[in-house]
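Participant: Fold the following and give me the result.
(chains A and B)
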Amino acid sequence: KAGVTQTPRYLIKTRGQQVTLSCSPISGHRSVSWYQQTPGQGLQFLFEYFSETQRNKGNFPGRFSGRQFSNSRSEMNVSTLELGDSALYLCASSITGNSGEKLFFGSGTQLSVL
Amino acid sequence: AQSVAQPEDQVNVAEGNPLTVKCTYSVSGNPYLFWYVQYPNRGLQFLLKYITGDNLVKGSYGFEAEFNKSQTSFHLKKPSALVSDSALYFCAVRDPRGDDKIIFGKGTRLHILP
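Facilitator: Here you go, the predicted structure:
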């Protein structure tokens, strides 16, 4: 069974641009969550989707948004990019998103904002 | 608000010695606790979790962790370290009766010295 797939692997953007990241969960997994990883802040929760509905959201500005499609694939969008948005963005999937479930992570998208 | 702390940015252990990676948490209710490991250039992998029951939980690769409610800790341990255990370790907490957002610690880099 294929793992969680994130595309693209690397992205370079300039300030003010917008970016869309993609995540394909493990087949049969209906919950997808997104995280930002930086050396200083560690791993921070962005949002979680289940059956196309946002179920939870972290403390990030409205420039960060996401959505989930009927096939459980998810996209994350960041508008008006800032230098501080440079980070590794990780996606994770689980079967139902139940609190006790383990998460399966993708390898991430490394975003550099110049 | 819930939080999790990993007090050590880095831990160095000689191969064959026991290792401990510390984690403390703060939640209002009964927490769900997790450990994940990140190897270089890879996404996070689940190691183990505590939901309820026996305070000592065993996980992948010979790791175990002990839930201590009075000390609000969930330290990760292994009796005999391997060089291949060198990686970045993250502790995480969820409060299923609270806002149910998963909160990760900032990570502890474990170096096993040959």
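
Participant: which parts of chain A sit against chain B?
Facilitator: A:4, A:33, A:35, A:41-45, A:56, A:58, A:90, A:92, A:99-100, A:102-108 (Cβ under 8 Å from any Cβ of the partner chain). Backbone N, C-alpha and C define where each C-beta goes, glycine included.

Participant: let's see 10 Å
Facilitator: Near chain B, the residues belonging to chain A are A:3-4, A:6, A:33, A:35, A:37-45, A:47-48, A:55-59, A:88, A:90-92, A:94, A:97-108, A:110 when assessed by Cβ under 10 Å from any Cβ of the partner chain.

Participant: Okay, and which of the residues you listed map to strands?
Facilitator: Among the residues of chain A next to chain B, the residues falling in strands (DSSP state E) are A:6, A:33, A:35, A:37-38, A:42-45, A:47-48, A:55-57, A:88, A:90-92, A:94, A:104-105, A:110.

Participant: Run through the bridge partners of B:Lys78.
Facilitator: Note on B:Lys78: beta-bridge partners B:Leu19, judged by DSSP bridges.

Participant: how far away is it from B:Asp54?
Facilitator: Between B:Lys78 and B:Asp54 the distance is 18 Å, computed by Cβ to Cβ, to the nearest Å.

Participant: Show me which of these two is the more surrounded one.
Facilitator: B:Lys78 (21 against 9; other Cβ atoms under 10 Å in any protein chain shown).

Participant: Just give me how far stretch A:9-24 sits from the chain centre.
Facilitator: Distance of stretch A:9-24 from the chain centroid (Cα atoms, centre = their mean, to the nearest Å) equals 11 Å.

Participant: Can you list the buried residues in it?
Facilitator: With burial defined by 16 or more other Cβ atoms under 10 Å in any protein chain shown, the residues of stretch A:9-24 counted as buried are A:Leu11, A:Lys13, A:Val19, A:Leu21, A:Cys23, A:Ser24.

Participant: and that stretch, average pLDDT?
Facilitator: Across stretch A:9-24, pLDDT averages out at 97.

Participant: before we move on, what about stretch B:76-91?
Facilitator: For stretch B:76-91, mean pLDDT is 97.

Participant: Report the secondary structure state of A:Gly84.
Facilitator: Reduced to three states with DSSP: H, G, I helix; E, B strand; the rest coil, the structure at A:Gly84 is helix.

Participant: which ones are touching it?
Facilitator: With contacts taken as Cβ atoms under 10 Å, 6 or more residues apart in numbering or on different chains, A:Gly84 has the following neighbours: A:Thr38, A:Gly40, A:Gln41, A:Val113.

Participant: what number of residues lie near the first one?
Facilitator: Spelled out, it's A:Thr38. The burial count assigned to A:Thr38 is 14, neighbours taken as other Cβ under 10 Å.

Participant: Alright, calling it a day.
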